[in-house]
Each structure stands twice: as C-alpha cells, then as structure tokens.
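Enquirer: all I have is the shape, not the residue letters:
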C-alpha cells in the first residue's frame with residue numbers, strides 16, 4: 001500500500017525494543033477521540049510493552065518510511081481469536097492503515113485455524129469495524145474505566161469481508 005505522498009506502507013512483526021513506541025501510538029490514538037490525556041496515559045501505563053509482554057501476543061506494526069505508524073495485537077485462542085489492540089497514529093487515521101492492519105489480523109487468524117475473531121470496540125471505532133464486516137456480538141465486562149462497550153466479531157469463514 002502507498003499513502004498520498006507515494007510512501008510505501010508495509011506490515012511486519014513488532015520488534016521487542018519498540019514497545020514504548022507502540023504505547024505512544026496507543027496514547028495518541030485514544031487521546032485523538034477527546035479523552036483526557038492524563039487518564040489515557042494512566043490507562044496505557046498498565047499494559048506490558050516489555051519484550052516478554054509482546055511475545056505473549058502476535059503484534060504487527062504498520063510502518064511508513066521506517067517508522068511505526070500503527071499496530072495491532074492478535075491473541076490466538078483456538079477457534080476463537082481475539083484482536084486485543086488496533087491503534088493508528090491520528091495523522092494516519094482515515095488513510096486505510098487501520099483497514100490494512102485489520103485485514104492482516106483476519107488473514108493471520110485464519111492461518112492459525114481461527115473460525116471467529118472478536119474484540120472490544122472503542123466506541124469511536126464501531127463504524128470503522130462495521131464497514132469491515134464486524135458485527136455486535138455482546139456487551140463487554142466493565143472496563144478499567146467502568147464502561148461497558150461492544151464486543152464485535154467476524155466469522156472467519158466469510159470471505160466477503162476480505
């Protein structure tokens with residue numbers, strides 16, 4: 001994929017030393033939706049971006065000009081796969097990067113034997129996921145912020161969404 005400047009955007013596995021860069025992207029992306037920056041930073045500080053923490057998931061990075069601009073994390077759980085994260089730097093939102101990462105996660109989940117992919121959808125991203133074939137499955141348990149949000153999913157046998 002190329003952006004409007006002609007820069008190539010590729011997807012690769014995350015490297016253990018770039019955990020803090022991935023945290024920065026998550027903070028910037030969540031803050032973009034109007035959440036209080038201090039609260040978002042406290043939320044992001046809870047997550048383990050160490051090399052060991054990143055090895056517990058399949059973490060993929062979208063990269064442009066040698067720089068990580070977005071990332072997604074997939075947790076294989078047998079036939080039910082879990083999309084744990086998908087975050088895009090605000091200046092890249094709306095340019096197809098999130099869709100590219102989502103499709104990559106779907107294809108990887110299929111290769112791992114998944115039949116269903118599910119995730120908790122940030123309320124501001126529900127429309128994005130619906131456009132990619134995601135559908136409401138159930139409500140989540142209350143989050144760290146005390147919110148109940150939509151758990152969405154896609155049937156990995158449905159080729160119309162790819």
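Expert: Alright, I've got the coordinates. Being a predicted model, the structure only gives us computed values, none of them experimental. Numbering: from 1, shown residues only.

Enquirer: from here on, just use CA atoms for contacts and neighbour counts.
Expert: Fine.

Enquirer: what does the host helix or strand of residue 138 rub up against?
Expert: Assigned by DSSP states H and E, residue 138 belongs to strand 135-139. The contact list for strand 135-139, computed with CA atoms under 8 Å, 6 or more residues apart in numbering, reads 129, 148, 149, 150, 151, 152, 153, 154.

Enquirer: tell me which of these fall in helices.
Expert: residue 129 (DSSP state H).

Enquirer: which residue ranges of this protein form helices?
Expert: Using DSSP H, helices in the chain cover 19-32, 37-45, 51-55, 97-111, 126-131.

Enquirer: got those helices as JSON lines, with mean pLDDT columns?
Expert: Conversion of the helices of the chain to JSON lines gives the following (pLDDT from 0 to 100):
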{"stretch": "helix 19-32", "mean pLDDT": "94"}
{"stretch": "helix 37-45", "mean pLDDT": "90"}
{"stretch": "helix 51-55", "mean pLDDT": "86"}
{"stretch": "helix 97-111", "mean pLDDT": "97"}
{"stretch": "helix 126-131", "mean pLDDT": "96"}
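
Enquirer: to residue 69, which of the ones you listed lies closest?
Expert: Smallest distance to residue 69 across these (CA to CA): 7.1 Å, for helix 19-32.

Enquirer: span of stretch 47-61 from start to end?
Expert: Taking CA to CA, to the nearest Å as the measure, stretch 47-61 stretches 17 Å from start to finish.

Enquirer: check the offset of that stretch from the chain's centre.
Expert: With CA atoms, centre = their mean, to the nearest Å as the basis, stretch 47-61 stands 13 Å off its chain's centre.

Enquirer: now do stretch 65-77
Expert: 7 Å.
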